[in-house]
Every structure is written in C-alpha cells, then in structure tokens.
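Asks: Build the 3D model from these lines:
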Amino acid sequence: MPTAISKWKTHLGQQGLKATSVTYTYGPVSSWRYGRSLGVDVTTPPKKCTYNCIYCQLGPTKTQVTSPEEIQGAMPLSDEIILEVEETLSRLDRGTVDVLTFSGTGEPTLNPKIGSIVSRIRGTAQDLPIVLLTNASLLPNEAIRKGVLEFDIVTAKFDAGDEDTFKRINRPSKGAFKLHEIKDAIKKLSEEMKGMLALEVMLLRGPRGLTNVKGLPKRALIDGILDISPDLVQLYTPWRPAPVSAVRPVSTKALRGFGAA
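Replies: Take a look at the predicted model:
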C-alpha cells in the first residue's frame, strides 16, 4: 500500500516501566523510541485514564474518566513534580539521559497543569528534548491541546481508523469520545506544533476475530495515518501479558510489512 509517511519504525516488544524510590520520576530507562529516557509521572497511581485498552501493560484502568475535572483533586501538586524533576536532573550525569518523557500511570493530559509544568522545567532540562506519550483522547479540548504545544515531541496513540475497532481495542469511556474528532485534533496539533509529531500504533490480534492488520480495519487505519501525516509512525505489538488474555502479537511479517506497498 502506498504511503506518504516519512519514516515507519517497528518494535517487536513493549518497554516496561521501572519504578524508582521517588514519586514522580523513574529511570532513566532504555526506550526503543527515544534512547535513554527519564520518565515523569504527572498522574500517579492508581491508574487514571480515559481508555481501558485491551493490551495495556499497566493492567485495567482503575479510574476511568472523561475529563480532568472529574479527578482534579486526585492530581499531584505541580510544585512537587517540578521540584522532584529538578532534583533528579541535578543528581544525574546528563550524559546518561537523552530525553525527558511525560507518561506514567495512565493518561498524562488528565493533569490540567501539564503545559505549565513543562514550561517551568524547561530551563532545568536545558537541551534535553521533552516528550509526551498520550492517547490523544483529550486533544479535541483546545485548552489541553494548547498545553501540549509546550512539548518538543508528541507521541500520540492511534490504533484504529474506524469507530468499531477503536471501541474494541481502546475501550474509551462510554459516549465520551469519537474517533473522527480525535483524529482531526491530532491533525490540528501537527499543524500547530513546532516540534515533532509521532503516531504510536499498536498492531494486534484479539478476541472474536479482532485485528487491525487485515481487511477494512487495516485499510481504515492506514488511511487515518496518511490523513494525519505525522513526522514519524512507530509500529509495535504486545508481547507482555495483557488485561484481556486473548490479545496476541502480530507476526513479524505483518509488523514489518504493515506500511509497505
């Protein structure tokens, strides 16, 4: 299938999180995407997310919501996060860190202060690129999308190009999210941001014939990716145990050939 994507990147497994004794930072860990990554968790346990993805390595979503307002009181204080990031960076040899990555326990954009946190730590981060890993569900919210513009690199989840496959794989909060609105918001973000936009695409097989690497679901997914036209597409497949036991990785052939003509 012809593509207009500048680069397709594949990965045959998922990188797990390695927690340290600190509360808001972890690592540095080796990331297949961005090298040596110091992680920043701006939501903290228990897992809080707008999705309950069938493959998530963090397990089932404990607190599934539709907006930051629903869990505002459960978010950590910005000053505490910033202080810990600054202290952690001051202790580390900068030669051991390639990027600063905001991800963690659930969906990081549920923290409404995420943009201001990035802005305030940029001086401490110096020349370290600041990365966001997001499921993109909240990007239709203009205020949230504006905060996301603070990042140098945004990696947005995009696992399905049709509504049915989206609901079966990502299991969004009922009635709250429409795939076409999320896709349009990702596309708008790519037009607004100065940095790099990557799409993170989980290719899998699941229960009752579910897959996004064959037939109409595959075609719709590729069409959606081409419409967004990101700077980078990151393809991967689930090797770790998933919340839904029927989830299986796709073959290496399917993974490597997904974006091929």
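Asks: What residues of the host helix or strand of Ser190 count as buried?
Replies: Using DSSP states H and E, the element containing Ser190 is helix 179-192. For helix 179-192, a neighbour-count test (16 or more other CB atoms under 10 Å) marks Leu179, Ile182, Lys183, Ala185, Ile186, Lys187, Leu189, Ser190 as buried. Every C-beta, even on glycine, is put in place using the N, C-alpha and C of the backbone.
Asks: What is the nearest of the residues you listed to Ile130?
Replies: Leu189 (15.4 Å; CB to CB).
Asks: Just confirm that closest one contacts Leu139, I think it does.
Replies: Yes: counting by CB atoms under 8 Å, Leu189 does reach Leu139; the two are 5.8 Å apart.
Asks: Please enumerate the shared neighbours of the two.
Replies: Common contacts of Leu189 and Leu139 (CB atoms under 8 Å, 6 or more residues apart in numbering): Arg145, Val148, Ala156.
Asks: Reformat the buried residues of helix 179-192 as TSV; add distance to Gln126.
Replies: Formatted as TSV, those follow (distance: CB to CB, whole Å):
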residue	distance to Gln126
Leu179	38
Ile182	33
Lys183	35
Ala185	31
Ile186	29
Lys187	31
Leu189	25
Ser190	26
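Asks: Contacts only, for Gly206.
Replies: Per CB under 8 Å, 6+ apart, neighbours of Gly206: Ile54, Arg168, Ile169, Val244, Ala246, Val247, Arg248.
Asks: coming back round to it: list the strands paired with the very next helix or strand once past the helix holding Ser190, with their directions.
Replies: Next helix or strand after helix 179-192 toward the C-terminus (DSSP H and E): strand 196-202. Next to strand 196-202 in the sheet, as set by DSSP bridges, lie strand 153-157 (parallel), strand 232-236 (parallel).
Asks: So which of the buried residues of helix 179-192 is the closest to Pro108?
Replies: In terms of CB to CB, no member of the buried residues of helix 179-192 lies closer to Pro108 than Leu189, at 14.7 Å.
Asks: those strands in the stretch 101-250 of the chain, which residues are they?
Replies: Counting by DSSP state E, counting those that start in this stretch, one finds strands in the stretch 101-250 of the chain at the ranges 130-134, 153-157, 196-202, 204-205, 232-236, 248-249.
Asks: Please produce a markdown table containing those strands, extended by distance to Ile225.
Replies: Shown next, in a markdown table, are the strands of the stretch 101-250 of the chain (distance: least, CB to CB, whole Å):
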| stretch | distance to Ile225 |
| --- | --- |
| strand 130-134 | 16 |
| strand 153-157 | 11 |
| strand 196-202 | 6 |
| strand 204-205 | 16 |
| strand 232-236 | 6 |
| strand 248-249 | 20 |
